[in-house]
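*Asks:* no sequence on this one, just coordinates:
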């Protein structure tokens, strides 16, 4: 099938997805399992250990936080996606107007590129074990060797080509890779536990004794490493819930779930949350805790070497492929964001260019090494527009106001939506900078603030135009 831009696939960027193009539940199950059981889990898991989290706070915080994330996709994102079947970007254009959505798409696309770049960085650390070029340390900002640059470039180009062929190709790639990756991540955790038992001499013959090992050697709940924030149950819960805030509460996954036959397909996200953001994070935590136990001065977080120590060649292959399955849909989303700004250009070509930008970002290790803070910032940046979409879809008409206001009024900049975005971000930044609220905790109140702003400002703004 060929679209109006001479692309090899039709991604329905500016029209509802037709019935004939809808996908079954299995496509979403594999896609989310593949995207969220990824190389970046080997970055995030260790950072919990570095933050001095306790076993109870980590395990229970992840169970609750991941459940809240699944429910957010199920009840906020998927129902709107299935009823409208539009990309996030085209739906926002109807609400916000062309000029405002262009600004949003630019911010969204750039942030997606940085996120994909961190995933390419992770995969490159596996190549570094094979080729043995110098790899970046925890505090490095710039690339530190030609080998590093070439490894990132090669992986980034492969990922970009897969993403450019469209969502169906991304989904198929994830379904092929996901089952094998899940087993390797499970092996990481089991091998790490076995080695912990050996080096500590602990006697583990029951769940109770295993929990004691976790509390006393793996997640001890002590002081964090220098430069790290101390994590409690609330940090873990909110991070697990909001690390994908841009996708569910921020509504970016309208673009994905517009292909779903039913809104209950939102439960497919549990495959990513509990396989990737639970099992894989715990497994990666075990590997890093073991590294610190054996070599207390080695605080570097390098997924490739950690995976190789645990599972050899299979571990390295897992890190590389896991980076692919995560970066593929991320670059796909970013490509759609940029293509919405310049719709006359082929989505295929735009996605390739987007992949090159992500690859360039991946050469700078600082993004991956500061992943927790970056993910929290990303969610906060895009969260207000998610509230705008929710309110516009469900609530505006109940207040006697018009939804899709920019489309109906022919305005290119809906100031109600624009001011909501800017004012909410300003208040969130103020809470962090002046009230001392950590960035992990501002997005939840920020969503309600944005919803209230949009209703109130819309009530004044829409009086300017009379609708027949």
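*Replies:* Structure received. The structure presented is a predicted model; accordingly, all values stated were derived computationally and were not measured.

*Asks:* give the rounded mean pLDDT of stretch 61-73.
*Replies:* The pLDDT scores in stretch 61-73 average 98.

*Asks:* same check on stretch 190-205?
*Replies:* 90.

*Asks:* buried residues in that stretch?
*Replies:* By 16 or more other Cβ atoms under 10 Å, the buried positions in stretch 190-205 come out as 191-193, 195-197, 204. C-betas here are computed from N, CA, C, even on glycine.

*Asks:* for residue 128, which non-adjacent residue is closest in space?
*Replies:* Excluding the flanking residues, the one nearest residue 128 by Cβ to Cβ, 6 or more residues apart in numbering is residue 135, at 4.4 Å.

*Asks:* pretty sure the one you found sits against residue 125.
*Replies:* Yes. If you go by Cβ atoms under 8 Å, residue 135 and residue 125 touch, sitting 5.8 Å apart.

*Asks:* these two: which is more packed in?
*Replies:* Neighbour count, other Cβ atoms under 10 Å: between residue 135 and residue 125, residue 125 has more, with 31 against 22.

*Asks:* and the next element down the chain from the lengthiest helix in the chain?
*Replies:* Longest helix of the chain, by residue count under DSSP state H: helix 303-341. For helix 303-341, the succeeding helix or strand toward the C-terminus, using DSSP states H and E, is helix 347-362.

*Asks:* list the buried residues in that next one.
*Replies:* 347-348, 350-362.

*Asks:* hmm, which of the residues you listed is lowest in pLDDT?
*Replies:* Among the buried residues of helix 347-362, residue 347 has the lowest pLDDT, at 74.

*Asks:* hmm, back to that, dump the buried residues of stretch 190-205 to a markdown table, plus secondary structure.
*Replies:* Formatted as a markdown table, the buried residues of stretch 190-205 follow (DSSP: H, G, I helix; E, B strand; the rest coil):
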| residue | secondary structure |
| --- | --- |
| 191 | helix |
| 192 | helix |
| 193 | helix |
| 195 | helix |
| 196 | helix |
| 197 | helix |
| 204 | coil |
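
*Asks:* related to what we said a few turns ago, ok and the longest helix of the chain relative to helix 347-362, angle-wise?
*Replies:* Put simply, helix 303-341 runs at 140 degrees to helix 347-362, going by axes from the mean of the first three to the mean of the last three Cα atoms, to 10 degrees.

*Asks:* please state the offset of helix 303-341 from the chain centre?
*Replies:* 12 Å (Cα atoms, centre = their mean, to the nearest Å).

*Asks:* what average pLDDT does that helix get?
*Replies:* Averaged across helix 303-341, the pLDDT comes to 80.

*Asks:* again, but for stretch 399-409
*Replies:* Mean per-residue pLDDT for stretch 399-409: 92.

*Asks:* how about it, which residues are buried there?
*Replies:* So for stretch 399-409, counting by 16+ other Cβ under 10 Å, buried means 401, 403-407, 409.

*Asks:* which pair of those spans the longest distance?
*Replies:* Farthest apart among these by Cβ to Cβ are 401 and 407. That separation is 14.1 Å.

*Asks:* report the contact partners of residue 330.
*Replies:* 35, 112, 115-116, 119, 358 (Cβ atoms under 8 Å, 6 or more residues apart in numbering).

*Asks:* picking that back up, from the buried residues of stretch 190-205, pick the one nearest residue 457.
*Replies:* Nearest to residue 457 among these, with distances taken as Cβ to Cβ, is residue 192, at 51.7 Å.

*Asks:* identify the residue spatially nearest to the closest one, adjacent ones excluded.
*Replies:* In space, and not counting its chain neighbours, residue 192 is closest to residue 286: 3.6 Å by Cβ to Cβ, 6+ apart.

*Asks:* just list what the one helix or strand the one you found maps to packs against, helices and strands only.
*Replies:* Using DSSP H and E, residue 286 maps to helix 281-294. Secondary-structure packing of helix 281-294 (3 or more Cβ pairs under 8 Å, 6 or more residues apart in numbering; DSSP states H and E): helix 41-50, helix 55-72, helix 167-200, helix 303-341.

*Asks:* compare those helices and give me the one nearest residue 394.
*Replies:* Closest approach to residue 394 among the helices and strands packed on helix 281-294 is made by helix 55-72 (14.7 Å; Cβ to Cβ).

*Asks:* in that closest one, which residues are buried?
*Replies:* For helix 55-72, burial by neighbour count (16+ other Cβ under 10 Å) applies to 55, 57-59, 61-62, 64-72.

*Asks:* residue nearest the centroid of this structure?
*Replies:* Nearest to the geometric centre of the chain sits residue 244, at 4.6 Å (Cα atoms, centre = their mean).

*Asks:* and that residue, helix, strand or coil?
*Replies:* coil.

*Asks:* quick one on the thing from earlier: from the buried residues of helix 55-72, pick the one nearest residue 305.
*Replies:* residue 58 (23.0 Å).

*Asks:* wait, isn't the closest one in contact with residue 219?
*Replies:* Yes. With contacts counted by Cβ under 8 Å, residue 58 reaches residue 219, the gap being 5.2 Å.

*Asks:* who are the packing partners of the helix or strand harbouring residue 213?
*Replies:* Per DSSP H and E: residue 213 is located in helix 207-213. Packing partners of helix 207-213 (3+ Cβ pairs under 8 Å, 6+ apart): helix 167-200.

*Asks:* what secondary structure does the residue nearest to residue 128 sit in?
*Replies:* Following three-state DSSP, residue 135 is assigned to coil.

*Asks:* show the contacting residues for it.
*Replies:* Residues near residue 135 by Cβ under 8 Å, 6+ apart: 125, 128, 144-145, 148, 302, 304-305.

*Asks:* try 10 Å
*Replies:* Listed by Cβ atoms under 10 Å, 6 or more residues apart in numbering, the contact partners of residue 135 are 121, 124-125, 127-129, 144-145, 147-148, 151, 300, 302, 304-305, 365.

*Asks:* confidence score at it?
*Replies:* Note for residue 135: predicted pLDDT of 81.

*Asks:* can you pull the phi/psi pair for it?
*Replies:* Backbone torsions of residue 135, given as degrees, to the nearest 10, read phi -110, psi 160.

*Asks:* any idea how far residue 294 is from it?
*Replies:* 19 Å (Cβ to Cβ, to the nearest Å).

*Asks:* likewise for residue 438?
*Replies:* From residue 438 to residue 294 the distance is 31 Å (Cβ to Cβ).

*Asks:* then residue 193?
*Replies:* Residue 193 is 14 Å from residue 294, where distance means Cβ to Cβ.

*Asks:* mean confidence (pLDDT) on stretch 12-29, please.
*Replies:* For stretch 12-29, mean pLDDT rounds to 87.

*Asks:* show me what counts as buried in that stretch.
*Replies:* Result for stretch 12-29 [16+ other Cβ under 10 Å]: buried residues 12-13, 17, 21-23, 27-29.

*Asks:* wait, which of the buried residues of stretch 190-205 is closest to residue 426?
*Replies:* Closest to residue 426, out of all of those and judged by Cβ to Cβ, is residue 192, at 43.8 Å.

*Asks:* hang on, the closest one packs against residue 292?
*Replies:* No. Counting by Cβ atoms under 10 Å, residue 292 is not a contact partner of residue 192; they are 11.9 Å apart.
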